[in-house]
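Engineer: Turn this into a model:
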Amino acid sequence: MKNVKRIAVALVLFVAATGFVNAQSKVAHVNVQQLLSEMPEMKAAQAELKKLQETYRADIESSMTELKNKYTQYSNEATAKTKEENEERALELQGFERNIQEAEQAAMQELQKKQQELFAPISEKAKNAIEKVAAAQGFDYVIDASPGLSLIVAKGKDLLPAVKQELGF
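Structural biologist: Numbers count the residues shown, from 1 in each chain. Next up, the predicted model:
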C-alpha cells in the first residue's frame, strides 16, 4: 500500500514536472535587418531604386540648369526690357522654380512608393522563411535582434544561419 502511494506521488510529480517543462516556451532570435540586407533580392531592389533616384536627380538638375540659364539671360536683358516685361519674366521664373519643387516632391513620393512596392514581397519572403525555420526547430517565439530594437541579451538560439540556408544563400 505504501509503495502504491509512493508510485502515485512520483507519477503525479513526474506529470507535473513534464507539464511545467512543456509549458515553458522556446525562444530564439534573428537579426532581421542583417537578413534583409544580405538577401540577393534586396540588393537588386536597392540597385533598381538607386537607378530610379539617379534618373530623377538628373531630370531635376537639368531643370535647375535651365532655370539658372533663363535667370542669367533675363538678368542680362533686364535693362533693355520694359518694367512689365521684366515683371512677367520674374513671374515666369517663379512658376518654373515652383514646378521644379513640385517635381522634387513628386519624385520623393514615387521613390517611397516604389520602395514599398519592391521591399514588401522581400520582407514577406523573409518572414515566411523565419516562421518555417522556427516551426521546424520547435520555437514558439522569435525575437528580432536588429540593433536598436531593445534586445539586450541574446544567449538563445540564433536562427539567422538556418533562415539564410532556407532562403538559399
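
Engineer: Report all helices and strands that whichever strand or helix holds Ser123 contacts.
Structural biologist: Assigned by DSSP states H and E, Ser123 belongs to helix 83-137. Packing contacts for helix 83-137, counted by 3 or more C-beta pairs under 8 Å, 6 or more residues apart in numbering; DSSP states H and E, involve strand 27-30, helix 32-38, helix 40-77, strand 141-144, helix 160-167. No exception for glycine: its C-beta is placed from N, CA and C like everyone else's.

Engineer: Kindly format the C-alpha coordinates of the second one as CSV.
Structural biologist: Taking Å, rounded to 0.1, in the frame of the first residue of the first chain, the C-alpha atoms of helix 32-38 are listed here in CSV:
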residue,chain,number,x,y,z
VAL,A,32,16.1,40.7,-39.5
GLN,A,33,17.9,43.8,-40.7
GLN,A,34,21.0,41.8,-41.4
LEU,A,35,19.0,39.0,-43.1
LEU,A,36,17.2,41.5,-45.3
SER,A,37,20.4,43.3,-46.3
GLU,A,38,22.1,40.1,-47.3
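
Engineer: Most tightly packed of the helices and strands packed on helix 83-137?
Structural biologist: strand 27-30 (a mean of 21; mean count of other C-beta atoms under 10 Å).

Engineer: what's the offset of that one from the middle of its chain?
Structural biologist: The chain centre lies 20 Å from the centre of strand 27-30; the measure is C-alpha atoms, centre = their mean, to the nearest Å.

Engineer: Tell me which strands it pairs with, and in which orientation.
Structural biologist: Note on strand 27-30: by DSSP bridges, its sheet partners are strand 141-144 (parallel), strand 157-158 (parallel).

Engineer: Dump the longest one to CSV, keeping only the CA atoms.
Structural biologist: Read that as strand 141-144. The C-alpha trace of strand 141-144 is given here as CSV (Å, rounded to 0.1, in the frame of the first residue of the first chain):
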residue,chain,number,x,y,z
TYR,A,141,8.7,32.9,-30.3
VAL,A,142,11.3,34.5,-32.5
ILE,A,143,12.6,38.0,-31.4
ASP,A,144,14.1,40.5,-33.8
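
Engineer: Quick one: mean pLDDT for that strand?
Structural biologist: The average of the pLDDT scores along strand 141-144 is 88.

Engineer: what does it contact?
Structural biologist: 25-32, 130-131, 134, 151, 159 (C-beta atoms under 8 Å, 6 or more residues apart in numbering).

Engineer: Most widely separated two among these?
Structural biologist: Ser25 and Asn31 (20.5 Å; C-beta to C-beta).

Engineer: Show the model's pLDDT score for the one residue sitting closest to the centre of the chain.
Structural biologist: For the chain, the residue nearest the mean C-alpha position is Phe119 (6.5 Å; C-alpha atoms, centre = their mean). pLDDT recorded at Phe119 is 96.
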